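Asks: fold the following for me, if possible:
(2 chains)
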Amino acid sequence: GDSVTQMEGPVTLSEEAFLTINCTYTATGYPSLFWYVQYPGEGLQLLLKATKADDKGSNKGFEATYRKETTSFHLEKGSVQVSDSAVYFCALSDRNQFYFGTGTSLTVIP
Amino acid sequence: DTAVSQTPKYLVTQMGNDKSIKCEQNLGHDTMYWYKQDSKKFLKIMFSYNNKELIINETVPNRFSPKSPDKAHLNLHINSLELGDSAVYFCASTAGNTGELFFGEGSRLTVL
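Replies: Residues are numbered from 1 along each chain as shown, chains lettered A, B, ... in the order given. This is a model prediction of the structure:
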């Protein structure tokens, strides 16, 4: 069946450091891929998405590219800020079924 | 206007009680979900309703029952609450074609 595997945390970075959170997936069809972010005490909100191979999703300085050959959708940001501290979830959607990774907690210290 | 709203936001109750959490979405979406998030932030799908029909029913205890009076509402009723039911419960909805899920802010349930 479909599944998502993402890098375990927690991840602690200094402000302005480079961020990568790895995500790989298994899917039988042609899924859409997402990164969701959950700030403390809040629900999940969409950060970015890609609907087909080689698409790049981007938002708020974050980027991820849908790589079919490596079944990956790694999240990157060139320079993190304290306000990026949150839990990040990789997810895939296939025929209205959603599969989430286990979440990666990111803490950015000044 | 909040797109997906849940009530109550916090719920503290005793073991053995019955409680409900309500969810409403004003996005015109056809499909709604309930997720359970444990203390380690792991998200588990519980139920999904599409046009008032149950289309996913994961292996949750039958003490949990979803109720959808119309496609804008999906309520969660829990009977005979247990300590292990303590978690944050999230409602979500999707239009389907974009694939994006919209989440509510969560309902934190604490069973004492």
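Asks: who does residue A:77 form a beta bridge with?
Replies: Counting by DSSP bridges, residue A:77 forms beta bridges with residue A:19, residue A:62.
Asks: adjacent strands (with direction) for the worst-scoring helix or strand of chain A on mean pLDDT?
Replies: Between all helices and strands in chain A, the lowest mean by mean pLDDT, DSSP states H and E belongs to strand A:97-100, at a mean of 89. Strand A:97-100 has the following strand partners under DSSP bridges: strand A:86-94 (antiparallel).
Asks: list of residues touching the least confident helix or strand of chain A?
Replies: Under the criterion C-beta atoms under 8 Å, 6 or more residues apart in numbering or on different chains, residues A:2-4, A:25, A:36, A:89-93, B:33, B:43, B:45, B:48, B:56, B:94, B:101 lie in contact with strand A:97-100. Glycine gets a C-beta too; all of them are placed from N, C-alpha and C.
Asks: can I have the buried ones of those residues as a ChimeraX selection?
Replies: Buried members of these, defined by 16 or more other C-beta atoms under 10 Å in any protein chain shown, are picked up in ChimeraX with:
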select /A:2,4,25,36,89,90,91,92,93 /B:33,43,45,48,56,94,101
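Asks: circling back to that earlier point, export only the CA atoms of the least confident helix or strand of chain A, formatted as CSV.
Replies: Once non-C-alpha atoms are left out, strand A:97-100 reads as follows in CSV (Å, rounded to 0.1, in the frame of the first residue of the first chain):
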residue,chain,number,x,y,z
GLN,A,97,-6.8,8.9,0.6
PHE,A,98,-4.1,10.8,2.4
TYR,A,99,-1.0,9.3,4.0
PHE,A,100,1.2,11.2,6.4
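Asks: please compute how far it lies from its chain's middle.
Replies: Distance of strand A:97-100 from its chain centroid, counting by C-alpha atoms, centre = their mean, to the nearest Å, is 13 Å.
Asks: by how many degrees do the next helix or strand after that strand and strand A:86-94 diverge?
Replies: Later in the chain than strand A:97-100, the nearest helix or strand by DSSP states H and E is strand A:104-109. Counting by axes from the mean of the first three to the mean of the last three C-alpha atoms, to 10 degrees, strand A:104-109 points 150 degrees away from the direction of strand A:86-94.
Asks: what lies in contact with stretch B:62-80?
Replies: Against stretch B:62-80 from outside (C-beta under 8 Å, 6+ apart): B:16-26, B:28-30, B:32-34, B:46-47, B:49, B:51-52, B:54, B:81-82, B:85, B:89, B:91, B:109.
Asks: understood, closing this out.
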